[in-house]
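> Below is the sequence, then the predicted model.
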Amino acid sequence: MMRQESEKHAETWVFTKNGKPIYIRPLRPTDNVLIDDLFRSLSPRSIFFRFLRHWKTVPPELTEFLMKIDSKLNVAMVALEKRQSGERVLGLCGILRKPGSEKGEFAVVVRDEWQGIGVGAKLIEASLPMARDLGMKELWGLVSPENTVMIETARKLKFTVGRDRESGFYEMEMHFGGTKTFRFHGSANFSEECYERS
């Protein structure tokens, strides 16, 4: 019951930087068609920025994986454009972890034509409290140095940004609630299990 109330509270209308209204809510098991449409819309550049993989298209196994996410363990939030013809997913934020772990893997994906106007930031803001409520204490991942929009977003949200010398990617951290540490990495991978199959 508490989890249902938390998810209901997470549903909200927000506005992008250019004043467009978007609706943010938790991902639902019936959103597979909407997520497929989002992934098909991504350019190879956006796919690399978000998954750090040189894919031409996002593997369909990833959608299947996301539809099976355990909401008692992980966070998955979507930003929607509501139109007369139906809903369209503009962005997806996932924070995933292994059972028993307090460390979550963070990822944000935004439709190409909606990038740079705050959709990703709104998704992050909505997702972090959900992760905290689930007992996560640390978030992790990596972002490409070319993904300047995500790096700028992290800095505006008060994350500490640093470059990893070995990989060349950027790492971003946030100390949350005093001694608790939340790390944010905008291009983290959703699931290494999916990559191993690809």
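Structure received. Numbers count the residues shown, from 1 in each chain.

> now the strands for this protein?
Assigned by DSSP state E, the strands in the chain fall at 12-15, 21-26, 75-83, 86-96, 103-110, 138-140, 160-163, 170-176, 180-183.

> for this structure, which spans come out with low pLDDT?
1-9, 175-198 (pLDDT under 70).

> Show me the helices in it, by range?
Here the chain has its helices, by DSSP state H, at 2-10, 32-41, 44-51, 60-67, 119-133, 148-156, 192-197.

> Only the buried residues of stretch 140-150, if you could.
140-144, 147, 149-150 (16 or more other CB atoms under 10 Å). C-betas here are computed from N, CA, C, even on glycine.

> measure stretch 136-153 end to end?
Start-to-end span of stretch 136-153 (CA to CA, to the nearest Å) is 22 Å.

> no, scratch that, I was asking about stretch 150-163
For stretch 150-163, the end-to-end distance is 14 Å (CA to CA).

> For Gly104, see how far away Glu11 is.
Separation of Glu11 from Gly104 (CB to CB, to the nearest Å) stands at 21 Å.

> If we ignore the residues flanking it in sequence, what's nearest the spatially most central residue of the chain?
Closest residue to the average C-alpha location of the chain: Cys93 at 2.1 Å, with CA atoms, centre = their mean. Spatially, and ignoring its direct neighbours in sequence, Cys93 is nearest to Leu123 (3.8 Å; CB to CB, 6 or more residues apart in numbering).

> Now do the same contact list for the one you found.
Taking CB atoms under 8 Å, 6 or more residues apart in numbering, we find Leu123 in contact with 24, 77-79, 91-93, 108, 110.
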